[in-house]
Structure formats: structure tokens, C-alpha cells
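S.K.: sequence below, structure please.
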Amino acid sequence: MEGITSAQAVKHSCMSRAWNAVAFFLLGVLILGIFATIQKIIMGGVALTPRGSIMPTIYGGITGFIIGEWYLRLKQNARQIRENAERLRALVDALPDIVVFKDGEGRWLDVNNVGMELLQFQGAEYYGQTDLELAEKKPILKDLFEYCHATDLEAWQRGVLTRCRVVSLPFGKRTMEYELVKVPLFWADGRRQGLVLVGRDVTEINQSERDLVQAYDSTLEGWAKAVEMRDRLTEDHTRRVVALTERLARLMGVPEADMVHIRRGAMLHDVGKIGIPDAILSKPAALTGDEMKVMVQHPEQAHNMLAHIGFLGPALDIPYCHHEHWDGCGYPRGLKGEEIPLSSRIFAVVDVWDALTSDRPYRAAWNEQDALNYIREQSGKYFDPNVVQTFLENFSTLMETTPSA
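M.R.: All right, here's what the predicted structure looks like:
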């Protein structure tokens, strides 16, 4: 109440508790008196307690006091539980995340305001429904609900907090991206109690990451173009080998998550040539022995240029190792067999194929059959036999979608 000090509030609380105690004591006496009267009538006017005894009255008062205190505490606890629940609900509704509560069978119990809006629920239509039942009611979100059902089972099976892939939700004219986190709950005996789903909005974060990656890749393309501008003999070589390397890598079973590193490595495979003198790099004839000693330094030059750039670490294998040979006779380190990274072994075949089938000032392009024969002959020497086999078996398919020289 306004204008009341803390001392006055404490005094008011104590007085209130004292009056409550007196009231409950008297109520206990009254109840005992009524009980005693009814008892006397039933027993034909015979009292079961000694006349004039005060003990029943005291017992009745104490009983009333105890019951009254128990009632007040129960009422107070119920009020605190209700107030805490209201605070928790207000907090959950204020979150920018989707929050969903499910029971141990995966039935929806509650969802916060953000979830109601994004999932397009009207009222409590979700209550008691499973993901699969909601998938039938909302076809536009069927894939999402089916994915949630599968990942709920995964989270309960693992028994720990489980992060899921990012999912997309249509919201007006925009598409929102949410990262899902599942928290499984269990009773003490191990039975499933429930599950909490939290969906964090990562739309802006992901867009920023995409913008950053695009900026990185644009920079790399600029570096590759700078090499081509200096080395007119290999103009458009980079564009062709990047496309062909990606296709061959997929046929070799390289995981899709690694393809970005394959593409970046292929794009930068000759970036070390920036450190090679123009007289050697642009010479319109075969190089001398001394000139070749300089030229073969370009993988080391690439390593020195790129090794300190963290995000290019996984892409460094191709610029550094694409001149290594399967039999160990390559450069710069003389790696042999599977010591050579797979991406470099794949690129080596593509790089040589494109070089052989392209015109050079000092020689004409080889015809297709001669180039294929050379690739086949170098299997187990220059090239990884498995890469050569995949290249030859899928040659027609690879050439269908690869830019021509």
C-alpha cells in the first residue's frame, strides 16, 4: 500500500497472522462444541467427556488453529505457483524464439506467441495433437512437422540436448530460417516425461554469413583473374577446371560439405604464379631447365601466400599439392600415393586434361583420343588409378556440362 513503511508492513502482517490464529482457534472450539452436542444427542444425553473439563475445548482450538494454518499455507503456495506460472508464461511469450512444450508421447501442450504466429495456429487447435496429426492439418508445413517428429525421436533416444538443421518457415513475403534445439525430459524411472523445442531465428545471421562467403569468393575470383591476366596462355583455364573438378569430385564421393573447399582450391590452383617473373610465365616457347626450376616453385609460393588465411586452410591442398605424382616423382614435396590429398589427386587429372586439350603458342591442342590415351597411360604413375578409372568411365557425362576450351 502507498505510503506504508517496511516496518509498518511487517507489523500489519504480524497482526493479520495473530487475528487469523485467534479466529481459527475459536472456529475449532465452535466446531468441537457442535460435535459434542451432536454426540450427546446420539448417546441419549450422555456426555462422553467429563463435565466441566476444559481439555476438549483446548484440543478443539488447537485443532482449528493447525487446520487453519495448513489452509493458509496451501492457499499461499497455490497463489505463488500461479504467480510463478504467469511470470514464466510472460517470459516465454516475450522471447523472439519459438518455444513448444510436448508431453512424453509427443503431443503438443503449449506454444508461445511467436510460435502461434509463425505456425499459423488459431486458438488452441494444436493442443493434444502430435506432429504427424498437425502435418495432415497444415499441408504447407507438412515437411516441417514430419522433420520435427523424426528429430523428437532422435532427441529422446540420445537423451541429451539435440541440435537440428536449420528449417525454413514462410512468413508473409519472407522466408524465415530457424535453428531447432530439442531438450528431452524424463521421469526418475527413465520414462519419457516431455520435450521442449526451441527455434532460434537465424535468418539475419545466415544472410550475413552468406554475404561474407560471397565477398570471400569474389575476392578469390579476383585473385584467379589476376593470374590469368598475367598468364594469357591459360586464359579461361581456371573457369573450366573448376567446373570439371567439382563434377569429378562428386562422382568420387566427396561429401557435399567439402565441395566449397574443392571449388576454392581449384580456383586458386595457380595463384602461386603471381610470384613467377613475366619472362618465364609468358614465354611463348618451352621452358629451359633453369626456367623450369623457377616455375616449379609456384606451389610453394601458393602455400606461403595462403597458409595464414584461416578460412582457406581446407582449400590449400589443391594449390600446394596438385603437382605431386602418385608414384612419388612429383613436386614440391615428393608425396606418394594416398599421402597426396584426394582433392589434389582429382584436380591433377582435370588440370592435365585441360592443359593437353588447349592450344599453346608452342604446340597445338591434342585431340581428345590422344589426351585420353595419355591419362590412361599415366594411371599409377602420375595419377591415382581410382581417379583415372572414374574419369574415363564417366567421360561423356563429364564433358556434357563442362565449358569448352
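
S.K.: ok, the helix or strand F101 falls within: who's next to it in the sheet?
M.R.: In this structure, F101 sits in strand 98-103 according to DSSP states H and E. Using DSSP bridges, the strands paired with strand 98-103 in its sheet are strand 108-111 (antiparallel), strand 192-201 (antiparallel).

S.K.: what comes into contact with that strand?
M.R.: 92, 108-112, 114-115, 118-119, 152, 178, 193-199 (CB atoms under 8 Å, 6 or more residues apart in numbering). (Each C-beta comes from the backbone N, C-alpha and C, glycine too.)

S.K.: now with 10 Å?
M.R.: Contact with strand 98-103 is made by 91-93, 108-119, 126, 128-131, 148, 152, 169, 176, 178, 180, 182, 184-185, 192-201, as judged by CB atoms under 10 Å, 6 or more residues apart in numbering.

S.K.: determine the number of other residues adjacent to L119.
M.R.: When counting by other CB atoms under 10 Å, one arrives at 19 neighbours for L119.

S.K.: D351 is in what secondary structure piece?
M.R.: Here D351, judged by DSSP H and E, is contained in helix 342-356.

S.K.: that older thread, in the strand holding F101, what's buried?
M.R.: For strand 98-103, the neighbour count (16 or more other CB atoms under 10 Å) marks I98, V99, V100, K102 as buried.

S.K.: average pLDDT for it?
M.R.: In this model, strand 98-103 has an average pLDDT of 90.

S.K.: off-centre distance for that strand?
M.R.: 19 Å (CA atoms, centre = their mean, to the nearest Å).

S.K.: can you give me how far stretch 377-395 is from the chain middle?
M.R.: Put simply, stretch 377-395 sits 38 Å off its chain's centre (CA atoms, centre = their mean).

S.K.: could you dump that stretch to PDB, C-alpha only?
M.R.: Written as PDB, here are the backbone C-alpha positions of stretch 377-395 (Å, rounded to 0.1, in the frame of the first residue of the first chain):
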ATOM      1  CA  GLU A 377      49.000 -44.400 -69.600                       C
ATOM      2  CA  GLN A 378      49.800 -42.300 -66.600                       C
ATOM      3  CA  SER A 379      47.400 -44.200 -64.300                       C
ATOM      4  CA  GLY A 380      49.500 -45.400 -61.300                       C
ATOM      5  CA  LYS A 381      52.400 -43.200 -62.300                       C
ATOM      6  CA  TYR A 382      51.300 -39.500 -62.400                       C
ATOM      7  CA  PHE A 383      47.700 -40.200 -61.400                       C
ATOM      8  CA  ASP A 384      45.600 -42.100 -58.800                       C
ATOM      9  CA  PRO A 385      44.300 -45.200 -60.700                       C
ATOM     10  CA  ASN A 386      40.800 -44.800 -59.000                       C
ATOM     11  CA  VAL A 387      40.500 -41.200 -60.200                       C
ATOM     12  CA  VAL A 388      41.500 -42.200 -63.700                       C
ATOM     13  CA  GLN A 389      39.000 -45.000 -63.800                       C
ATOM     14  CA  THR A 390      36.200 -42.700 -62.600                       C
ATOM     15  CA  PHE A 391      37.200 -40.100 -65.100                       C
ATOM     16  CA  LEU A 392      37.300 -42.500 -68.000                       C
ATOM     17  CA  GLU A 393      34.100 -44.300 -67.100                       C
ATOM     18  CA  ASN A 394      32.100 -41.100 -66.800                       C
ATOM     19  CA  PHE A 395      33.900 -39.100 -69.500                       C
END
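
S.K.: touching it from outside, list them.
M.R.: Stretch 377-395 is contacted from outside by 244, 247-249, 251-253, 323-327, 329-330, 337-338, 340, 342, 344-350, 352-353, 368, 372, 374-376, 398, using CB under 10 Å, 6+ apart.

S.K.: from those, list the buried ones, please.
M.R.: Taking 16+ other CB under 10 Å as the criterion, what is buried in those is 244, 247-249, 252, 323-326, 330, 340, 342, 344-350, 352-353, 372, 375, 398.

S.K.: which stretches of the stretch 251-400 of the chain form helices?
M.R.: Along the stretch 251-400 of the chain, counting by DSSP state H, counting those that start in this stretch, helices occupy 259-267, 278-281, 289-295, 298-306, 317-321, 342-356, 368-377, 385-393, 395-400.

S.K.: got a markdown table for these, with distance to S218 and mean pLDDT too?
M.R.: Below are those laid out as a markdown table (distance: least, CB to CB, whole Å; pLDDT from 0 to 100):
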| stretch | distance to S218 | mean pLDDT |
| --- | --- | --- |
| helix 259-267 | 11 | 92 |
| helix 278-281 | 24 | 81 |
| helix 289-295 | 28 | 89 |
| helix 298-306 | 17 | 89 |
| helix 317-321 | 18 | 94 |
| helix 342-356 | 22 | 95 |
| helix 368-377 | 33 | 95 |
| helix 385-393 | 30 | 97 |
| helix 395-400 | 27 | 90 |
